[in-house]
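Asker: show me how the following folds:
(one chain, ligands or ions: 1)
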Amino acid sequence: GRPRDLAGRKVVVSAGGTREAIDPVRYIGNRSSGLQGYALARTAVARGAEVTVVAANISLADPAGAKVVRVESTAELREAVLAASGDADVVVMAAAVADFRPATRHDEKIKKTDGEPAPIHLTKNPDILAELGERRRQARATAPDAGVPSGAGVPTGAEGAYPKVIVGFAAETHDVLANGQAKLARKGCDLLVVNQVGEGLAFGTPDNAATVLVAGGDPVEVPFGPKDDVADAVWDLVAARLS
Ligand code: C5P
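Answerer: Sure, this is the predicted structure:
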């Protein structure tokens, strides 16, 4: 059995991949299945956490015991994650978030014309993970004592309440440690789960392998195996930082 080391903890997990509308029928999206995010949600429930999953475009059965908030775009995912994070102990950003979105969403379906295809102009999306890290950094700077997790008595939505542990995900193909450490610092998160992108590690597969980078600590290698095992390895590190 699993330890109940997340009992009484509020956990937010974003999962899946965002879609950015081009017109009423088309979007820019990615191949994230939501399998790793749902594995995180399921295992957190099993370890006693109260789990909210912000699910972006996932066609899997809901993870039992978790509250599921469905979103489509990055803007919706951001709203849902920030709303759920107010009194959360832990936020895990496992979702694949679109870096860019079409600058304008056409109200009518773009028609095929005889001429050149119309260009799609892109604009930058907000970086939700970096925003969470920055909000926490600012809150700590102004109220250094406020950073206790909600489970330890900060009222819901309290000024200065913020997640005690913030976890990001990243896919890196080269210089995993150097690129990952830079990203960990840039985003202000505590743990960064770096997926080794390569053969047999495609989106939608049941297995995964990862290196978890730890702020102020040594990296932890998680061997190739079921996504539940990768999730449990993440929760082991989260639980250690909460206690
Ligand atoms: O910078 P990169 O996309 O590699 O970072 C990945 C991590 O940042 C993931 O945890 C992802 O959920 C999060 N992210 C985000 N907002 C974005 C882009 C990525 O929260 N706009």
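
Asker: burial of the nearest residue to V71 once chain neighbours are set aside, as a residue count?
Answerer: Excluding the flanking residues, the one nearest V71 by C-beta to C-beta, 6 or more residues apart in numbering is L77, at 4.7 Å. No exception for glycine: its C-beta is placed from N, CA and C like everyone else's. As a burial measure, L77 scores 28 neighbours (other C-beta atoms under 10 Å).

Asker: wait, L77 touches A95, no?
Answerer: Yes. Counting by C-beta atoms under 8 Å, A95 is a contact partner of L77 at 6.3 Å.

Asker: any shared contact partners between the two?
Answerer: Common neighbours of L77 and A95, counting by C-beta atoms under 8 Å, 6 or more residues apart in numbering, are S14, T18, V54, A56.

Asker: run through the bridge partners of the third one.
Answerer: This means V54. On the basis of DSSP bridges, V54 is bridged to S14, V69.

Asker: correct me if wrong: it contacts A83.
Answerer: No. Look at V54 against A83 with C-beta under 8 Å: they stay out of range, at 9.1 Å.

Asker: can you pull out the strands in this protein?
Answerer: Using DSSP state E, the strands of the chain run over 10-16, 20-23, 26-28, 50-56, 67-71, 90-93, 100-102, 122-124, 165-172, 191-196, 207-214, 220-226.

Asker: would TSV of the ones you listed with mean neighbour count, distance to the ligand and mean pLDDT be doable?
Answerer: Shown next, in TSV, are these (neighbours: other C-beta atoms under 10 Å; distance: least, C-beta to the nearest ligand atom, whole Å; pLDDT from 0 to 100):
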stretch	mean neighbour count	distance to the ligand	mean pLDDT
strand 10-16	29	6	98
strand 20-23	18	11	97
strand 26-28	16	13	97
strand 50-56	27	10	98
strand 67-71	17	13	98
strand 90-93	29	4	98
strand 100-102	18	9	98
strand 122-124	11	8	98
strand 165-172	22	4	94
strand 191-196	23	8	91
strand 207-214	20	12	92
strand 220-226	14	16	94
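
Asker: closest to R241 out of the ones you listed?
Answerer: Proximity to R241 (C-beta to C-beta) singles out strand 165-172 among these, at 5.0 Å.

Asker: pairing partners for that closest one, with directions?
Answerer: So strand 165-172, judged by DSSP bridges, has these partners: strand 90-93 (parallel), strand 191-196 (parallel).

Asker: what sits closest to the spatially most central residue of the chain if chain neighbours are left out?
Answerer: In the chain, the centroid-proximal residue (C-alpha atoms, centre = their mean) is M93; its distance is 1.1 Å. The spatial neighbour of M93 that comes closest, neighbours along the chain excluded (C-beta to C-beta, 6+ apart), is L129 at 4.6 Å.

Asker: count of neighbours near that neighbour?
Answerer: L129: 26 surrounding residues under other C-beta under 10 Å.

Asker: contacting residues around it?
Answerer: So L129 contacts M93, V97, I166, G168, K187, C189 (C-beta under 8 Å, 6+ apart).

Asker: any weak-confidence spans in this protein?
Answerer: For the chain, applying pLDDT under 70 flags the ranges 114, 144-160, 198-202.

Asker: residues from it in reach of the ligand?
Answerer: Neighbours of the ligand within the chain, by C-beta under 6 Å from any ligand atom: M93, A95, V97, D99, N125, D127, I128, L129, G168, F169, A170.
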